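# make a model of this:
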Amino acid sequence: MGLAVTDEYFDVVIVGAGLSGIGAARHLQEECPGKSYLILEGRESMGGTWDLFRYPGIRSDSDMFTLGYSFKPWRDGKAIADGPSILNYIKETSAESGIDEHIRYRHHVKDARWSGKRSCWTLSAERKDSGEIATIRCGFLLMCSGYYSYEKGYTPEFRGRENFKGEIVHPQDWPDDLDYRGKKVVVIGSGATAVTLIPEMADDAEHVVMLQRSPTYMVSMPDTDWIANMLRKLLPEKLAYSAIRWKNIRFQQFVYRQTRTAPEKVRNKLLKLARKELGPDCNFDTNFTPRYNPWDQRLCLVPNADFFHAVRDGKASVITDQIDSFSENGIRLESGVELEADIIVTATGLDLCLLGGARFFVDGQPVDFSKTFSYKSMMFSDVPNLVSTFGYINASWTLKADLTAEFVCRLLNHMDDSDTRVCTPRLRAQDKDMPGLPWIADFSSNYIQRKIHLLPKQGDRTPWINTQNYVLDKKVIREGPIDDGVLQFANPNQPGKSDNLESDAA
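The predicted structure is shown next:
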């Protein structure tokens, strides 16, 4: 592995050219036009999730009026969009603003080192095309690298896996040439990916079985929003888009609040709707009645009831059981039943990954983020000039990504106005006795629980609470003061741009 030393400095480096990174760049160009910036992307193309995942039926599980950017109206007729349409939306946003000219592909950030003496980050990025290490410095680092590993999905250890004679596929690594026509398919898992895949595959496969350990809440909605389409005909585009976003945000918040205050009422409503779609022959209590309350895990969206139709029409079926082992011809269950399969799809989830898996150091000391407190769910106690984008678990990801990008721009402008170059969240005296609470509370999804010990802590008081509430976050993040007594500002003497790179790495 070679070392490609470059003496480049940027005011801001954004890591990740997905939905969050492209949106952040657009905010930065508009609100901080004097700032130089660079986007480092580990893959060979932009789009993040919407370029990586290629499995049949890939789509959003949030409406595009809230998953879309606040500054760019979603113009497609479908509110629940397919993956290629979302990718085109991201690429169009980039091209319109010239953002693509600031992206360096195949640059995977491996570590980031903060120098307090020089007030800058030094990033080491592996160039995937050559194996060389590119070294780049910046005054401010904005991580938009998502929340899961792009290298591989999560797959449990299955006993006897090596005995299976068919194909085993994880949705994150879907082969372009996978032929499932006329085949028997077993999809392991009951989350959003499985619910998306199964109706799409069921049209061509001989039969598709969803094998689950326990049921998931599913809710059917049309993939078009008739109110939205009507408003777009009656109002100017931007006004209509704002009104639709407001409507959908309020609806999301109302539903989530109801699941917290009246869980049994919401549970009964969701089950009643699902039972109506499925009919009497689906073993409903066993296969479609979850053991947890709604929104303790994400609800699975079923556009136009397609999953329910596939089950009701006999093209797909659901089995609730535990896996004993794989066999030559399929899967042996703990109940003794053997499922025959030509193809097994392990829709078993994502491998959560904090800050793109990069290592972080502050003045030579490694940062253990699990020992930090999360400031406004974006920054980390005692870590300077670093913001990380992490969306909502109970609403559209981009709502939080937009707020985060706006905050970064406000922060950078404040630092310019106050002639400061370093900003560090620090616990106040009254915060020292805070309990270290899980960063995401009341959410039992396995992909979070497997790695929650690696995440920062939240406290029990503002601004250390991860609210998971867009309406509250608008007040705290968008409208709250930058200089709030928690963010500590400084201006060391040495100017970062003129420092010699070799001395910086010493």
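
# so for stretch 285-298, mean pLDDT?
For stretch 285-298, the mean pLDDT works out to 91.

# buried residues in it?
Counting neighbours by 16 or more other CB atoms under 10 Å, one finds that the buried residues in stretch 285-298 are Asn287, Phe288, Thr289, Pro290, Asn293, Pro294, Trp295, Asp296, Gln297, Arg298. No exception for glycine: its C-beta is placed from N, CA and C like everyone else's.

# ok now that stretch, how far from the chain's centre?
Stretch 285-298 sits 22 Å away from the centroid of its parent chain (CA atoms, centre = their mean, to the nearest Å).

# pick out the most distant pair among the buried residues of stretch 285-298.
Every pair in the buried residues of stretch 285-298 was compared (CB to CB); the two farthest apart turn out to be Asn287 and Trp295, at 20.3 Å.

# and Gly131, how many neighbours does it have?
Gly131 is surrounded by 10 other residues when neighbours are defined as other CB atoms under 10 Å.

# do Leu52 as well
19.

# what is the nearest of the buried residues of stretch 285-298 to Val13?
When these are compared for distance to Val13 (CB to CB), Arg298 wins out at 31.2 Å.

# excluding chain neighbours, give the residue nearest to Lys457 in space.
Distances taken as CB to CB, 6 or more residues apart in numbering put Gly436 closest to Lys457, at 3.7 Å, once the chain neighbours are dropped.

# which one of the buried residues of stretch 285-298 is nearest to Trp397?
Ranking those by separation from Trp397, with CB to CB as the measure, puts Arg298 on top at 11.5 Å.

# can you give me the helices in the chain?
With DSSP state H, the ranges of helices along the chain come out as 19-31, 49-52, 64-67, 83-97, 192-202, 226-234, 237-261, 263-278, 284-287, 306-312, 397-417, 446-449, 470-473, 501-505.

# ok, residues contacting the third one?
Contacts with helix 64-67, where a contact means CB atoms under 8 Å, 6 or more residues apart in numbering, come from 19, 60, 74, 76, 78-81, 86, 89, 225, 228, 241, 244-245, 248-249, 252, 395-399.

# could you tell me which of those count as buried?
For these, buried by 16+ other CB under 10 Å: 19, 60, 74, 78-81, 86, 89, 225, 228, 241, 244-245, 248-249, 252, 395-399.

# hang on, isn't Trp50 packed against Asn88?
No. Proximity of Trp50 to Asn88 does not meet the contact threshold set by CB atoms under 8 Å, at 9.1 Å.

# so those two - more neighbours on which side?
Just comparing Trp50 and Asn88: by other CB under 10 Å the higher neighbour count belongs to Trp50, 24 against 15.

# so what's the more buried one up against?
Taking CB under 8 Å, 6+ apart, one finds Gly18, Leu19, Ile58, Gly83, Pro84, Ile86, Leu87, Ile90 in contact with Trp50.

# what's the ChimeraX line that selects buried ones from these?
For selection in ChimeraX, the members of these meeting the burial criterion (16+ other CB under 10 Å) are listed in this command:
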select :18,19,58,83,86,87,90
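
# can you tell me which of the contacts of Trp50 is nearest Leu234?
The closest of the contacts of Trp50 to Leu234 turns out to be Ile86 (CB to CB; 26.0 Å).

# any idea how far the nearest residue to that closest one once chain neighbours are set aside lies from Asp324?
Spatial nearest neighbour of Ile86, excluding adjacent residues (CB to CB, 6+ apart): Trp50 at 4.6 Å. Trp50 sits at a distance of 37 Å from Asp324 (criterion: CB to CB, to the nearest Å).
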